[in-house]
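Enquirer: can't give you the sequence, but here's the structure:
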Ligand SMILES: Cc1ncc(C[n+]2csc(CCOP(=O)(O)OP(=O)(O)O)c2C)c(N)n1
């Protein structure tokens, strides 16, 4: 019996899985470094770089000024010239400060240069509502990013994926955004100690079922699983697919699920209108129209900025209850 | 003691600082008790800046504030009841509970918002100043921002444009020595943010931000200059926040020493000002006590108002996203 088995599963919270992923990347890649606001001395406001400054020194764990344009620019320029930067954008909302560097430089440089530049840059950033942090600290902007040819976008829903996606992103020779969730930081699951990748472009079937498919992104995966449990009590056997990779999107897994269940719902925390769920629905109707027995339902946030008041935020964030209600609507039960 | 400051002004400056201090202390407690959700960035230690600057502004003048905004709102005329209600997320708050601490605002008081985005304020204040000039009013727009925010491109673009167009805009940098947990020496190579003014063609002034009279006088000059149409000024106030970046705890933090905090507290803006006021006979100990008692009364009322107010409801969620109705 191996050591691991004797000791039981190796459980790690999401926050430590991030640390471990970054640490292993820094050990593996001499030209990798971390740069961002309060990543060094403070170990990130979310705590996930704790200890890395002591371990790697300030050449590789770089505290920056509050200058997002500069920080992303640093990542682009350094990536184009032989480094493998891991750039930290504390809250995803702050991408607003540097959207040019992301959208017009990072995303397009390789193409505009006719393939002349390679940008192995990883951006780690934190999305999601639920902490009463109001309209500028709670958003989910993955659809913005997914709309930009030239960048890849991952959304880890759990600790295992967080570590594996960071490693996969850092080994990829393209700009990759890992959009993490601040409400999930304490959430634990089994995380192997060794280095592993969660491959880009691969969704995961996290619950098998035959009666209904729920495609969920980020933290909504857990709401979808809770909904599936409730629906099981109502005789609906749900399959839950963790989309995981927004760009590239794994339509193969999605189509395979539809072929089994013939009915589906997509759920994300982002605003429903114009959200990535719409893209999933469109691809499914293109590729699996004949297998669909009902229109695909969508659950997302209402068309408003994220409200501060706990009373409103509770109503704002999609949850299991709303997923159940929408599934029931589709099924007419 | 400053020559040109009337006793009434001195008394007002004092009351303003006390109201801010007591509000913040109470808000911090309510946050720790779990009554106020979210994150509070408290202003304790920096009161002299808000009080000294705002003394020269009317409700018609505009300000932009920061994530550390309660002090600015109070000094600009904010009432405790709608402020506490906002922090509680109640529908009677200044923003109907939609904004919270980081977005507290009131247009009637000329407050163009606290801001969750560091560096969010300066361009907006510059725009308001442009509007003031465009509409030929004598209004002035003042933007408050931190040493950390002075590293955002938004500050630099706003400063350049305000100077270029000679706008009635005052840039007040509250240099409290830190951006979050990063010391100023680790986030910029200059010691005085005011030096940056030269790069944009406006005066840069450094003032002791723990001395409310010094802030008052420096702000007077800058605001007069702006109002007269002579363009913007960058006023840097050297100050300190007693609490942590977020929340209340001030001591035993890893990124600064308790001795450093104590040294700044020795120069506390309120205590040192009270010593002056007593010595000059502007206020008596009894009168000072009354100022605190009145602030506490206001707090009691404000908290009771907040606690008894209703939460917003589902219908409120989709309201205020767009202007609906006849054109304004
Ligand atoms: C664009 C942006 N980047 C980063 C942050 C996170 N953040 C919030 S406050 C803060 C520090 C601000 O420092 P400073 O401007 O000096 O103001 P202080 O907190 O000292 O009052 C940071 C980095 C943010 N809110 N917005």
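Expert: Yep, that arrived. On a predicted model such as this, the values are computed, not experimentally measured, just so you know.

Enquirer: And the strands in chain B?
Expert: Under the criterion DSSP state E, chain B carries strands at the ranges B:62-64, B:141-146, B:169-175, B:178-179, B:182-183, B:204-208, B:233-238.

Enquirer: isn't residue B:17 right next to residue B:273, touching?
Expert: Yes - with contact defined as C-beta atoms under 8 Å, residue B:17 reaches residue B:273; the gap is 7.0 Å. Using the backbone N, CA and C atoms, a C-beta is placed for each residue, glycine as well.

Enquirer: looking at the strands of chain B, which is closest to residue B:298?
Expert: Shortest distance between residue B:298 and the strands of chain B, using C-beta to C-beta, is found for strand B:62-64: 21.2 Å.

Enquirer: contacting residues for residue 206?
Expert: No chain was given, so I picked chain A. Taking C-beta atoms under 8 Å, 6 or more residues apart in numbering or on different chains, we find residue A:206 in contact with A:221, A:225, A:240-242.

Enquirer: ah, no, chain B please
Expert: Residue B:206 makes contact with B:192, B:194, B:236, B:238 under the criterion C-beta under 8 Å, 6+ apart.

Enquirer: For the residue of the stretch 151-300 of chain A found nearest chain B, give me phi and psi.
Expert: Nearest to chain B in the stretch 151-300 of chain A, going by C-beta to the nearest C-beta, is residue A:271, at a distance of 10.7 Å. In terms of degrees, to the nearest 10, the main-chain angles of residue A:271 are phi -50, psi 130.

Enquirer: hang on, isn't it packed against residue A:300?
Expert: Yes - with contact defined as C-beta under 8 Å, residue A:271 counts as touching residue A:300 (5.9 Å).

Enquirer: Looking at the two, which one has more neighbours?
Expert: More crowded of residue A:271 and residue A:300, by other C-beta atoms under 10 Å in any protein chain shown: residue A:300, with 24 against 19.

Enquirer: Excluding chain neighbours, give the residue nearest to that one in space.
Expert: residue A:272 (2.9 Å; C-beta to C-beta, 6 or more residues apart in numbering or on different chains).

Enquirer: contacting residues around that neighbour?
Expert: A:298-303.

Enquirer: Check whether stretch B:55-65 comes near chain A.
Expert: No - contact of stretch B:55-65 with chain A (C-beta under 8 Å from any C-beta of the partner chain) is absent, the minimum separation being 13.6 Å.

Enquirer: Please report the number of neighbouring residues for the nearest residue to residue B:64 once chain neighbours are set aside.
Expert: Closest residue to residue B:64 apart from its sequence neighbours, by C-beta to C-beta, 6+ apart: residue B:121 at 3.3 Å. Counted by other C-beta under 10 Å, the residues lying close to residue B:121 total 31.

Enquirer: Just the pLDDT for residue B:121.
Expert: Here, the pLDDT recorded for residue B:121 equals 98.

Enquirer: ok, now which ones touch it?
Expert: B:64-66, B:112-113, B:115, B:143-145, B:149.

Enquirer: what's near enough to touch the closest residue to residue B:12 other than its chain neighbours?
Expert: Excluding the flanking residues, the one nearest residue B:12 by C-beta to C-beta, 6+ apart is residue B:55, at 6.8 Å. Neighbour list for residue B:55: B:9, B:12-13, B:16, B:75, B:216, B:219 [criterion: C-beta under 8 Å, 6+ apart].

Enquirer: Take these and keep only those in helices.
Expert: B:9, B:12-13, B:16, B:75, B:216, B:219 (DSSP state H).

Enquirer: The ligand: which of those is nearest?
Expert: Of all the ones in helices among the contacts of residue B:55, the ligand sits closest to residue B:75, with 15.3 Å by C-beta to the nearest ligand atom.

Enquirer: correct me, but the closest one touches residue B:51?
Expert: Yes - contact criterion C-beta under 8 Å: residue B:75 and residue B:51 qualify, at 5.4 Å.

Enquirer: Quick check: residue A:66 vs the ligand, distance?
Expert: From residue A:66 over to the ligand the distance is 4 Å, taken as C-beta to the nearest ligand atom, to the nearest Å.

Enquirer: hmm, back to that, what's across from the residue of the stretch 151-300 of chain A closest to chain B in the sheet?
Expert: Going by DSSP bridges, residue A:271 is paired in beta bridges with residue A:301.

Enquirer: and it, what is it in contact with?
Expert: Counting by C-beta under 8 Å, 6+ apart, residue A:271 has contacts A:300-304.

Enquirer: repeat that with 10 Å
Expert: Taking C-beta atoms under 10 Å, 6 or more residues apart in numbering or on different chains, we find residue A:271 in contact with A:139-141, A:143, A:300-306, A:316.

Enquirer: how near is residue B:74 to chain A?
Expert: As for residue B:74, its distance to chain A is 19 Å (criterion: C-beta to the nearest C-beta, to the nearest Å).

Enquirer: what's near enough to touch that residue?
Expert: By C-beta under 10 Å, 6+ apart, the neighbours of residue B:74 are B:16-17, B:19-24, B:43, B:47, B:50-51, B:54, B:80, B:83, B:295, B:298.

Enquirer: again, but for residue B:202
Expert: B:159-160, B:162-164, B:166-167, B:169-171, B:196, B:222, B:225, B:230-234.

Enquirer: Next step: the contacts of residue B:74 restricted to helices.
Expert: In this view, the contacts of residue B:74 that belong to helices under DSSP H are B:16-17, B:19-24, B:47, B:50-51, B:54, B:80, B:83, B:295, B:298.

Enquirer: could you flag which of these are buried?
Expert: B:16-17, B:19-24, B:47, B:50-51, B:54, B:80, B:83, B:295, B:298 (16 or more other C-beta atoms under 10 Å in any protein chain shown).

Enquirer: Which one of those is nearest to residue A:101?
Expert: When these are ranked by distance to residue A:101 (C-beta to C-beta), residue B:50 comes first, at 34.0 Å.

Enquirer: how close does that closest one sit to residue B:56?
Expert: 12 Å (C-beta to C-beta, to the nearest Å).

Enquirer: what distance separates the helix or strand hosting residue A:252 from the middle of the whole chain?
Expert: Assigned by DSSP states H and E, residue A:252 belongs to helix A:251-261. How far helix A:251-261 lies from its chain's middle: 21 Å, per C-alpha atoms, centre = their mean, to the nearest Å.

Enquirer: Could you give the average pLDDT over that helix?
Expert: Across helix A:251-261, the average pLDDT comes to 98.

Enquirer: ok, so what distance separates the residue positioned nearest the centre of chain B from residue B:231?
Expert: Nearest to the mean C-alpha position of chain B, by C-alpha atoms, centre = their mean, lies residue B:72 at 2.8 Å. The gap separating residue B:72 from residue B:231 is 23 Å, by C-beta to C-beta.
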